[in-house]
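> pasting the sequence and the predicted model now:
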Amino acid sequence: MELKEKMKIAREAYGLSRADMSRLCGFGINGWGKYEIGFKPSMSNKKLIDFVLSPSGMYHLLDITSPYVKNKMGDRYFVACATVAEITVGIKMEVADFEMGVNNEYFDRIFVDSKSNNME
């Protein structure tokens with residue numbers, strides 16, 4: 001499967017627009033869309049794209065997203081958080097959990113454990 005197909009599948013699974021993915025990744029507003037239709041990303045952008053294609057990578061990106069981007073995305077940011085949580089951990093989380101900043105220790109522990117396992 002080509003990168004552009006993987007990007008579209010992941011973006012749709014996360015429930016985000018091309019512009020939202022561009023904002024999250026720090027690309028120009030049309031960056032994600034260009035790559036999704038077949039333009040070749042730079043090596044550094046390709047590494048970031050590969051990172052966010054993984055739901056655990058997307059979780060970490062959402063976790064460190066700037067307040068400016070969160071504000072621009074509005075409710076779509078919280079929907080993406082809940083969607084990624086469900087895809088990755090298999091637990092249903094409500095959008096309100098993320099809006100209120102509820103810390104789910106089980107959810108966080110899974111990512112810490114998976115990150116340490118990947119480093120071995």
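Nice, thanks for sending it over.

> work out for me the element the residue minimising distance to the centre of the chain sits within.
In the chain, the centroid-proximal residue (Cα atoms, centre = their mean) is Met58; its distance is 2.9 Å. Following DSSP states H and E, one finds Met58 within helix 55-63.

> just the buried positions in that helix, please.
Buried residues in helix 55-63, counted by 16 or more other Cβ atoms under 10 Å: 55-62. (Glycine included, C-beta is placed from N, CA and C.)

> got it, and stretch 69-78?
70, 73, 76-78.

> among the residues you listed, which one lies nearest to Ala13?
When those are ranked by distance to Ala13 (Cβ to Cβ), Arg76 comes first, at 14.0 Å.

> for the chain, which element, helix or strand, carries the lowest mean pLDDT?
Of all the helices and strands that make up the chain, helix 105-119 has the lowest average by mean pLDDT, DSSP states H and E, namely a mean of 44.

> how many neighbours does Val84 have?
Counted with other Cβ atoms under 10 Å, the burial measure for Val84 works out to 27 neighbours.

> list the contacts of it.
Counting by Cβ atoms under 8 Å, 6 or more residues apart in numbering, Val84 makes contact with 14, 55, 58-59, 62.

> which parts of this protein are helices?
Defined through DSSP state H, the helices belonging to the chain, from first to last, are 3-14, 18-25, 31-36, 43-53, 55-63, 67-73, 75-89, 95-99, 105-119.

> which one of these has the lowest average pLDDT?
Lowest mean pLDDT of the helices of the chain: helix 105-119, a mean of 44.

> how long is stretch 34-53 end to end?
Across its full length, stretch 34-53 reaches 16 Å end to end, with Cα to Cα, to the nearest Å as the criterion.

> ok, of the contacts of Val84, which one's closest to Ala85?
When the contacts of Val84 are compared for distance to Ala85 (Cβ to Cβ), Tyr59 wins out at 7.3 Å.
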